[in-house]
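In: here is my input; please provide its structure:
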Amino acid sequence: MKSRCKICWVVSLVLLLALGTLSYVFVVGGNTEPHADGRTVVLLTADERNKVLAEMRGLLETVQKVIDASLDGDMDAVATASTAAGMVAAEGESAALIGKLPLDFLSLGMGTHKAFDELAQTAAGIDDPMVVLGELSGIMTNCVACHSGYRLGIQGDDREN
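Out: Next up is the predicted model:
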């Protein structure tokens, strides 16, 4: 009986280690590979890549709207644009796509959406465009960090990613 119990513990430990390793690879690491330029390639389907790139372009368009509205002193427009790029823009992402994203990439993206919500709240309560631009500068550090560390590739595509 003791022998079977010992085997059960060993098997349980091996399974636990395997589960931990798989969790790390798929949850923390995502579907990635290293690239020659030092960045990490996030491997997606062509449709997923297009969706992520469209979202990034939308964030960049929001940055332009916030700058223009700030220069015009229109804090209502800043709040409206920022809210649209906030967490509401991240709703409805597929679990399959999220599972392919490395944890740091996902954290930068979600942090950016949350920061736009915070910017909307700031803009709703002040009239100082410099405060808005200061917060926007902080948001842009997320964008720079993400683009410095990652690039998007297509799964199964042997061409240079």
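In: in a helix, Glu33, correct?
Out: No - counting by DSSP: H, G, I helix; E, B strand; the rest coil, Glu33 falls outside a helix, being strand.
In: how many neighbours does it have?
Out: Number of residues near Glu33 (other CB atoms under 10 Å) recorded here: 10. Yep, even glycine has a C-beta here, placed from its N, CA and C like the rest.
In: from Asp117, how far out is it?
Out: Using CB to CB, to the nearest Å, we find Glu33 at a distance of 33 Å from Asp117.
In: and what of Gly109?
Out: 13 Å.
In: and Glu118, that one's in a helix?
Out: Yes - remark: Glu118 belongs to a helix, assigned using three-state DSSP.
In: grab the nearest non-local neighbour of it.
Out: Excluding its sequence neighbours, the residue lying closest to Glu118 (CB to CB, 6 or more residues apart in numbering) is Glu135, at 7.1 Å.
In: for that neighbour, give me phi and psi.
Out: Dihedral pair for Glu135: phi -70, psi -40, per degrees, to the nearest 10.
In: that one reaches Gln121, doesn't it?
Out: No - using CB atoms under 8 Å, Glu135 makes no contact with Gln121, being 10.0 Å away.
In: and the two? which has more neighbours close in?
Out: A side-by-side neighbour count of Glu135 and Gln121, using other CB under 10 Å, places Glu135 first with 20 against 14.
In: next one: the closest residue in space to Leu60 that isn't next to it in sequence, what pLDDT does it get?
Out: Spatial nearest neighbour of Leu60, excluding adjacent residues (CB to CB, 6+ apart): Cys143 at 7.8 Å. Among the per-residue scores, Cys143 shows a pLDDT of 97.
In: state the number of residues packed around Cys143.
Out: For Cys143, the count of nearby residues is 16 (other CB under 10 Å).
In: any idea which helix or strand carries the residue most central in space within the chain?
Out: Compute the mean C-alpha point of the chain, and by CA atoms, centre = their mean the closest residue is Gly109, 2.5 Å away. Under the criterion of DSSP states H and E, Gly109 resides in helix 103-125.
In: pLDDT of that helix, averaged?
Out: The average of the pLDDT scores along helix 103-125 is 97.
In: buried residues, it. List them.
Out: Of the residues in helix 103-125, those buried under the neighbour-count criterion (16 or more other CB atoms under 10 Å) are 104-106, 108-109, 112-113, 115-117, 119-120, 122-123.
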